[in-house]
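Q: sequence isn't available, so here's the structure alone:
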């Protein structure tokens, strides 16, 4: 069973929707039978609200599930109400990003394309701080919280049970000077340190790579339990989108494979980073 509260909430939603569809009922029909609104049933299936164990018990009895499954789903509902470690940082983590962190913590595969910036999971304190200072109207305290969360997230790359992580970075991210040249020198050294991990692969998409799938930055998360479908994540300045449908995952997988084919090999990518690093040292 997935470990983070977010992942448990997602798994619960998937299972509740599956039970309703097996019963061949609509949300409205279930709501009418239980004297609930159809929107309440829908919220429980989409994870857009807190789900009470008592409500899960009522649903399971309505669907005539076995005792074991009913107790399992009630347990998911209870555990989904706990707080993740990142939520202790309050306003330093927006609600829409808190959802992503919870999913990220349980991913077994991690695929990310970055077209403008270096990956957050490889950023130094100085690089991340500079991005937060210039990218949003945040108080110094919130910037500090946001940076600390980003640094704590980085431990997933070195955990024994960490995900198989594959990054593709556009060459522009290497040459886009954030802060100053000294900061960028330290940042690229951090990137080179990160790719020493056997579970981390990084490729650079060079300026002369020719035609490749046109898309902005995105992340794909895969999970160890086959009942938990892959998810595509894309964020903006004030919000994010989560794509779970089979069509979306298939098309983004195809785009990632195209980017991977157009990018330099991991070894040549390392050599290019080392070359850019030398330029910053001059």
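A: Thanks, I have the structure now. Predicted model, so just to flag it, every value in this text is computed and none were measured. Numbering: from 1, shown residues only.
Q: check contacts around residue 153.
A: Counting by Cβ atoms under 8 Å, 6 or more residues apart in numbering, residue 153 makes contact with 86, 101, 104, 120-121. Just so you know, the C-beta spots here come from the backbone N, C-alpha and C atoms, and that holds for glycine as well.
Q: can you tell me the element it falls in?
A: If you go by DSSP states H and E, residue 153 is part of helix 140-153.
Q: what's whichever helix or strand comes after that helix packed up against?
A: Sequence order places strand 164-170 as the next helix or strand after helix 140-153, per DSSP H and E. Using 3 or more Cβ pairs under 8 Å, 6 or more residues apart in numbering; DSSP states H and E, the elements in contact with strand 164-170 are strand 109-114, strand 200-205, helix 246-262.
Q: now strand 164-170: buried residues?
A: 165-170 (16 or more other Cβ atoms under 10 Å).
Q: do stretch 255-272 as well
A: With burial defined by 16+ other Cβ under 10 Å, the residues of stretch 255-272 counted as buried are 255-256, 259-260, 262-264, 266, 269-270, 272.
Q: next: stretch 18-35.
A: Here stretch 18-35 shows 19-20, 25, 27, 30-31 as buried, counting by 16+ other Cβ under 10 Å.
Q: same question, stretch 191-198
A: Buried residues in stretch 191-198, counted by 16+ other Cβ under 10 Å: 191, 194-195.
Q: avg pLDDT for it?
A: Throughout stretch 191-198, pLDDT has a mean value of 95.
Q: ok, residues contacting it?
A: Residues outside stretch 191-198 that contact it (Cβ under 8 Å, 6+ apart) are 118, 121-122, 157-158, 200-202, 266, 270, 273-274, 277.
Q: try 10 Å this time
A: 118-119, 121-124, 127, 154, 157-158, 162, 164-165, 167, 169, 173-174, 200-204, 266, 269-270, 273-274, 277 (Cβ atoms under 10 Å, 6 or more residues apart in numbering).
Q: just the buried subset of those, please.
A: By 16+ other Cβ under 10 Å, the contacts of stretch 191-198 give 118-119, 121-124, 127, 154, 157, 162, 165, 167, 169, 173-174, 200-204, 266, 269-270, 273, 277 as buried.
Q: contacting residues for residue 109?
A: Going by Cβ under 10 Å, 6+ apart, residue 109 touches 163-166, 220-224, 230.
Q: if you set the cut-off to 8 Å instead, what comes out?
A: For residue 109, the contact set (Cβ under 8 Å, 6+ apart) comprises 163-166, 220-222, 230.
Q: pick the one among the buried residues of stretch 191-198 closest to residue 75.
A: The nearest member of the buried residues of stretch 191-198 to residue 75, counting by Cβ to Cβ, is residue 194 at 36.4 Å.
Q: the closest one and residue 158: what is the separation?
A: When distance is defined by Cβ to Cβ, to the nearest Å, residue 194 is 9 Å away from residue 158.
Q: go on, residue 62?
A: Relative to residue 158, and taking Cβ to Cβ, residue 62 is found at 46 Å.
Q: also residue 98?
A: 23 Å.
Q: likewise residue 72?
A: As judged by Cβ to Cβ, residue 72 and residue 158 stand 32 Å apart.
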